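Chemist: model the structure of this input:
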Amino acid sequence: MARMTTPADNAPGTDTQSPILATAQELLATRMNVIPPLADAIAERKRLQELINANEKTYGAAYSDAQAAGWTPEELRQMGAEEPTRRPQGRPKGARTKRPRAAAPTAPGPRTPDATESAVPTAASNGS
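Modeler: Numbering: from 1, shown residues only. The predicted model follows:
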């Protein structure tokens, strides 16, 4: 008579699956060893990026103040100050595009007479 299998017979850790599971766990453990340093590096990178973002606002304002005081971008570059990637908020510098305004109604221009309204008098129009 055939023996019936129960769910417990197919559970992980049975004799037929143990070597496969053990090998998979070893391979997975080797791969997982590199994740904690990566997680630490990601967290540090985010922290430093936040510091850079905060500094960009301060740097942009200081650079703008230096230009307002008369320093040219070339002079600032010679001192080691590069053009900031982020400018302080405010009115943008340079030309802005203007929206076209609605055209005001204009008076009609001079009209060109057609052939029936010739400026040269004809014999019929002189009454002769």
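
Chemist: endpoints of stretch 70-79, how far apart?
Modeler: Taking C-alpha to C-alpha, to the nearest Å as the measure, stretch 70-79 stretches 14 Å from start to finish.

Chemist: for it, what is the average pLDDT?
Modeler: Stretch 70-79 carries an average pLDDT of 96.

Chemist: contact partners of it?
Modeler: Tyr63, Ala66, Gln67, Glu83 (C-beta atoms under 8 Å, 6 or more residues apart in numbering). Using the backbone N, CA and C atoms, a C-beta is placed for each residue, glycine as well.

Chemist: give me the low-pLDDT residue ranges for the chain?
Modeler: For the chain, residues meeting the criterion pLDDT under 70 lie at 1-14, 86-128.

Chemist: longest helix of it, counting residues only.
Modeler: Determined from DSSP state H, the single longest helix within the chain is helix 35-68.

Chemist: and it, which residues are buried?
Modeler: Neighbour-count burial for helix 35-68, counted by 16 or more other C-beta atoms under 10 Å, picks out Tyr59, Gly60, Ala61, Tyr63, Ala66.

Chemist: would you turn those residues into JSON lines with distance to Asp40?
Modeler: Shown next, in JSON lines, are the buried residues of helix 35-68 (distance: C-beta to C-beta, whole Å):
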{"residue": "Tyr59", "distance to Asp40": "28"}
{"residue": "Gly60", "distance to Asp40": "31"}
{"residue": "Ala61", "distance to Asp40": "33"}
{"residue": "Tyr63", "distance to Asp40": "34"}
{"residue": "Ala66", "distance to Asp40": "38"}
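
Chemist: which one of those sits closest to Arg47?
Modeler: Nearest to Arg47 among those is Tyr59, at 18.5 Å by C-beta to C-beta.

Chemist: what about the nearest residue to the closest one once chain neighbours are set aside, which SS state?
Modeler: Distances taken as C-beta to C-beta, 6 or more residues apart in numbering place Pro84 nearest to Tyr59, at 5.3 Å, with adjacent residues excluded. Using DSSP: H, G, I helix; E, B strand; the rest coil, the structure places Pro84 in coil.
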